[in-house]
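Q: please find the sequence and the predicted model below.
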Amino acid sequence: MHLVAGSLTALDGDRDAVEELLDRIDHMNDDREVLTPAPVAIRRGDDATETAAAIDAALDQGSPVVCDGQPGAALAAGEPMPDLTLTLVMVPLDEVAEPTLTGSMRTGFRGTSKGESSGDHLLHLFGTWIDASLAGLPVAKPRR
């Protein structure tokens, strides 16, 4: 799957689910190239300035970034607004639901992933990346 270079995805919600998904992203391309360009998974540390610098550096290099934490706190720390914010919620199998995105390319997209495992959340993340990128495509003019 090709990711938008320099895109920023913020994950919030259930801490364990966020950490499991970031771990999967860390090792996504270990055996074969699945995501290109390879995303950088960043865990927010105690030093907001240091975290913002790491995110800015990765985005400047054109790497997609996936990070954890509340977007409001990140914006206050000087980080850019995320292109996508996905809230992860752990639920039993019968309550698993794909997210519906709200927002726009200008304001960023937001969705809630209800999953039983990191596999559910990973599939939902892939789907939201596709949905968000498709939402930003201009409508083609009809050919004459």
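A: Now that the structure is in, tell me what you want to look at. Remember, it's a predicted structure, so these values are computed and weren't measured experimentally.
Q: which stretches of the chain have low pLDDT?
A: Along the chain, segments meeting pLDDT under 70 span 70-77, 135-144.
Q: helices of that one, residue ranges please.
A: For the chain, the helices defined by DSSP state H occupy 15-26, 48-60, 71-76, 118-135.
Q: how about the second one: buried residues?
A: Pointing back at helix 48-60 there. 48, 51, 52, 54, 55, 58, 59 (16 or more other C-beta atoms under 10 Å). Every C-beta, even on glycine, is put in place using the N, C-alpha and C of the backbone.
Q: just the closest of those residues to residue 24, please.
A: residue 58 (18.0 Å; C-beta to C-beta).
Q: can you tell me the closest non-neighbouring residue to that closest one?
A: Distance criterion C-beta to C-beta, 6 or more residues apart in numbering; nearest residue to residue 58, sequence neighbours excluded, is residue 40 at 4.4 Å.
Q: who does that neighbour bridge with?
A: Beta bridges link residue 40 to residue 65, judged by DSSP bridges.
Q: wait, doesn't it sit right on residue 57?
A: No. The pair residue 40 / residue 57 is not scored as a contact, 9.1 Å apart, by C-beta atoms under 8 Å.
Q: residues that sit against both of these two, list them.
A: With contacts taken as C-beta atoms under 8 Å, 6 or more residues apart in numbering, residue 40 and residue 57 have no neighbour in common.
Q: is it true that residue 9 touches residue 126?
A: No. Using C-beta under 8 Å, residue 9 is not in contact with residue 126, being 11.2 Å away.
Q: more neighbours, the two?
A: Under the criterion of other C-beta atoms under 10 Å, the comparison of residue 9 against residue 126 puts residue 9 first, with 24 against 14.
Q: so who does that one touch?
A: Taking C-beta under 8 Å, 6+ apart, one finds 39, 64, 65, 66, 67, 82, 83, 84, 85, 86, 125, 129 in contact with residue 9.
Q: kindly recompute the last result at 7 Å.
A: 65, 66, 82, 83, 84, 86 (C-beta atoms under 7 Å, 6 or more residues apart in numbering).
Q: partners of the closest residue to residue 103 other than its chain neighbours in the sheet?
A: Nearest residue to residue 103, sequence neighbours excluded (C-beta to C-beta, 6+ apart): residue 109, at 4.0 Å. With beta bridges defined as DSSP bridges, residue 109 has these partners: residue 84, residue 103.
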